[in-house]
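**Student:** Need a 3D model of the sequence below.
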Amino acid sequence: MKATQQLIFIIILFALFNCSHPVTDQKLQKLDDGRPTWTSYRSGAYKQETLVFYGVGTAKDIPNKVLLRITSSNRAEANLVHVLEIFIGKIRNAYMTALEQKKNGASVKWQHVGPVFRNMLNVVDRKKIQQELFWIDPSDGTGYALASFKLEDFLKRFATKQEFSSEFQTFVIKHAEQIFLEMANE
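**Tutor:** Numbering: from 1, shown residues only. Below you'll find the predicted structure:
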């Protein structure tokens, strides 16, 4: 009896956690085959009321529904991290281009970028990654998960890190939204 009550409590908490995130009408729209539109997204970036990176993960042929959800959620998070790696790569390219342009003019103080960019991914606070949606396709049992991460959460934490020079932090904060919007339009 006690185990059943604990299981029900866990299920209720799980349901509350998944209902606590706002869902836009766009994500609730259906495709012609009845799937939610977000299941057809590629991982990337989109502009809503805030700037959000997202990842979509799928899992199939897992009869245990909890394991199906965990697997697809882990894959969504992995895809999201890949999107963040692309974002950081674009920041690196923009920063290196800016340094190259400045080098011919006034003296420039620049930060060695090799270790810096490896450390930038560590700025991502995994606790801030939201597991927003989950759906199982009734036709084939494929589980779909959608995870997201706000650009503002990245920038707030990035601004507090001591290992980055102030010039580099200023550059990233100044150019992050522009680079994000370029990714969202790709």
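
**Student:** Just the helices from this structure, written as ranges.
**Tutor:** Taking DSSP state H as the test, the helices found in the chain are 2-19, 25-28, 65-103, 113-120, 151-159, 166-184.

**Student:** mean pLDDT lowest for which of the ones you listed?
**Tutor:** Mean pLDDT is lowest for helix 2-19 among those, at a mean of 41.

**Student:** Distance-wise, check residue 44 relative to residue 102.
**Tutor:** 31 Å (C-beta to C-beta, to the nearest Å). Using the backbone N, CA and C atoms, a C-beta is placed for each residue, glycine as well.

**Student:** Those two: who's more crowded?
**Tutor:** residue 44 (19 against 13; other C-beta atoms under 10 Å).

**Student:** If the more buried one is in a bridge, with which residues?
**Tutor:** As for beta bridges, residue 44 partners with residue 54 under DSSP bridges.

**Student:** if we look at stretch 40-48, which residues are touching it?
**Tutor:** 24, 31, 51-56, 76, 79-80, 82-83, 87, 146, 151, 180-181, 183-184, 186 (C-beta atoms under 8 Å, 6 or more residues apart in numbering).

**Student:** Give the buried residues for that stretch.
**Tutor:** For stretch 40-48, the neighbour count (16 or more other C-beta atoms under 10 Å) marks 41, 43, 44, 45, 46 as buried.

**Student:** Output that stretch as PDB, nothing but the C-alphas.
**Tutor:** In PDB, the C-alpha atoms belonging to stretch 40-48 read as follows (Å, rounded to 0.1, in the frame of the first residue of the first chain):
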ATOM      1  CA  SER A  40       9.000  17.500 -37.000                       C
ATOM      2  CA  TYR A  41      11.400  20.200 -35.800                       C
ATOM      3  CA  ARG A  42      15.100  20.000 -36.300                       C
ATOM      4  CA  SER A  43      17.100  21.000 -33.300                       C
ATOM      5  CA  GLY A  44      18.000  24.700 -33.400                       C
ATOM      6  CA  ALA A  45      17.000  28.100 -32.200                       C
ATOM      7  CA  TYR A  46      13.700  30.000 -32.200                       C
ATOM      8  CA  LYS A  47      12.500  33.400 -31.100                       C
ATOM      9  CA  GLN A  48       9.400  33.400 -29.000                       C
END
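
**Student:** now that stretch: mean pLDDT?
**Tutor:** Looking at stretch 40-48 alone, the average pLDDT works out to 78.

**Student:** Report pLDDT for residue 131.
**Tutor:** So residue 131 comes in at 82 (pLDDT).

**Student:** now it, which residues is it bridged with?
**Tutor:** With DSSP bridges as the rule, residue 131 is bridged to residue 147.

**Student:** Can you report how many residues neighbour it?
**Tutor:** 20.

**Student:** Now do the contacts for it.
**Tutor:** So residue 131 contacts 18, 73, 76, 77, 145, 146, 147 (C-beta under 8 Å, 6+ apart).

**Student:** Dump those to CSV, plus neighbour count and distance to residue 35.
**Tutor:** Below are those laid out as CSV (neighbours: other C-beta atoms under 10 Å; distance: C-beta to C-beta, whole Å):
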residue, neighbour count, distance to residue 35
18, 15, 18
73, 22, 18
76, 27, 16
77, 18, 21
145, 27, 14
146, 27, 12
147, 25, 18
